[in-house]
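1. 3D model of this:
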Amino acid sequence: MKPRKTAIITGAGQGIGLAIAEKLASQSVNIIINDLEEGLIAEACKRISSAHGVPAIAIAGDSSAEEVIEELIQTAITNFGSVDIVIANSGITLFGPFLEYSRADFMEVTRVNQLGTFFLAQAAAKVMKEQVNGGVLLFTSSVTAHQSHENLAAYAMSKAAIEMLAKNLVLELAPFKIRVNTIAPGATVTNRTKLDPDYENTWSEITPLGRPALAQDIASAAAFLVSDEANHITGQTLIIDGGWTSVSPSPYA
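-> Model prediction:
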């Protein structure tokens with residue numbers, strides 16, 4: 001019997017991150033999840049362990065903080081002996097028109113989205129390079145890295161940077177059997193987007209497949225990319241948007 005793999009997933013208290021954690025747990029992967037809200041991930045871990053019978057550990061804190069990154073990596077090694085899958089899913093969206101966008105908001109988006117992803121990947125890769133089977137890194141980008149979206153210049157810039165990071169790391173990490181890919185979700189129904197009562201109807205009208213994604217749709221794609229079934233895929237971005245980027249109508253039109 002193969003030993004269980006261990007996955008670290010940031011921004012996994014709810015939404016896409018939690019859906020990915022649940023999907024991997026259903027495939028008998030040990031789970032370590034991170035989010036800012038301690039109560040949220042503690043409850044998520046209980047649900048994951050109960051439903052799938054695998055260990056699930058919650059690490060609360062800012063995923064871009066050096067001490068939190070170190071705790072995530074050390075928790076995986078101490079409890080499970082390896083760091084096999086790391087999914088840098090944490091992100092922040094701060095809307096604002098370009099001509100009025102503040103330096104403070106720009107720096108916050110950059111800190112969480114770019115710095116957090118970069119240094120989590122770095123810490124994980126330092127461990128993975130010493131492992132016989134290497135490991136897998138997966139970053140969460142966005143369709144806004146591919147198509148213009150009003151009031152999201154800083155966010156789109158940060159997500160495009162993440163995709164280029166994955167592509168660039170192929171050169172340095174492939175020799176250590178470390179794969180690096182990115183998912184770029186489009187409109188997705190989550191607890192956060194449900195706060196907009198028009199969200200589903202609006203995106204259903206402008207998405208070629210007739211509906212926005214569910215978090216489970218994104219999770220299925222993520223689970224494939226970190227699986228052995230994708231063991232010759234690296235440096236790629238998979239857009240998961242029901243065809244929206246092919247036509248790109250604005251939700252504000």
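
2. Looking at the chain, which strand is longest?
-> strand 178-185 (DSSP state E).

3. Show me how far that strand is from its chain's centre.
-> On the basis of CA atoms, centre = their mean, to the nearest Å, strand 178-185 is displaced by 9 Å from the centre of the chain it belongs to.

4. which secondary structure elements does it contact?
-> Helices and strands touching strand 178-185, by 3 or more CB pairs under 8 Å, 6 or more residues apart in numbering; DSSP states H and E, are helix 116-128, strand 135-140, helix 153-173, helix 215-225, strand 237-240. The C-beta positions use only the backbone N, C-alpha and C, and glycine is treated the same way.

5. who touches the very next helix or strand once past it?
-> Using DSSP states H and E, the helix or strand that follows strand 178-185 in sequence is strand 188-189. Contact partners of strand 188-189, identified using CB atoms under 8 Å, 6 or more residues apart in numbering, comprise 15-16, 199-200, 212-215, 217-218.

6. and those residues, which are buried?
-> Taking 16 or more other CB atoms under 10 Å as the criterion, what is buried in the contacts of strand 188-189 is 15-16, 199, 212-213, 215, 217-218.

7. before we move on, the earlier item: got the CA positions of the longest strand of the chain in PDB?
-> Provided in PDB are the C-alpha atoms of strand 178-185 (Å, rounded to 0.1, in the frame of the first residue of the first chain):
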ATOM      1  CA  ILE A 178       8.900  19.200  -8.400                       C
ATOM      2  CA  ARG A 179       6.000  20.200 -10.700                       C
ATOM      3  CA  VAL A 180       4.500  23.700 -10.600                       C
ATOM      4  CA  ASN A 181       1.100  24.600 -12.100                       C
ATOM      5  CA  THR A 182      -1.600  27.200 -11.700                       C
ATOM      6  CA  ILE A 183      -5.400  27.200 -11.800                       C
ATOM      7  CA  ALA A 184      -7.300  30.300 -13.000                       C
ATOM      8  CA  PRO A 185     -10.900  30.200 -11.800                       C
END
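
8. State the mean pLDDT of it.
-> Taken as a whole, strand 178-185 carries a mean pLDDT of 98.

9. I'd like to check the angle between it and helix 153-173, please.
-> Calculated by axes from the mean of the first three to the mean of the last three CA atoms, to 10 degrees, strand 178-185 forms an angle of 160 degrees with helix 153-173.

10. so what strands line up beside strand 178-185?
-> Using DSSP bridges, strand 178-185 pairs in its sheet with strand 135-140 (parallel), strand 237-240 (parallel).

11. out of those, deepest packed?
-> Among these, strand 135-140 has the highest mean neighbour count (mean count of other CB atoms under 10 Å), at a mean of 26.

12. Could you check the angle that one makes with helix 116-128?
-> Going by the same axes, to 10 degrees, strand 135-140 makes 170 degrees with helix 116-128.

13. what does strand 135-140 contact?
-> The contact list for strand 135-140 (CB under 8 Å, 6+ apart) reads 11, 16, 82-89, 91, 117, 121, 124-125, 127-128, 162-163, 165-166, 169, 173, 177-183, 185, 222, 225-226.

14. Using CSV, write out every CA atom in it.
-> C-alpha atoms of strand 135-140 as CSV (Å, rounded to 0.1, in the frame of the first residue of the first chain):
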residue,chain,number,x,y,z
GLY,A,135,6.4,17.2,-4.9
VAL,A,136,3.8,19.4,-6.4
LEU,A,137,3.1,23.1,-6.1
LEU,A,138,-0.2,24.6,-7.3
PHE,A,139,-1.0,28.3,-7.3
THR,A,140,-4.4,30.0,-7.6
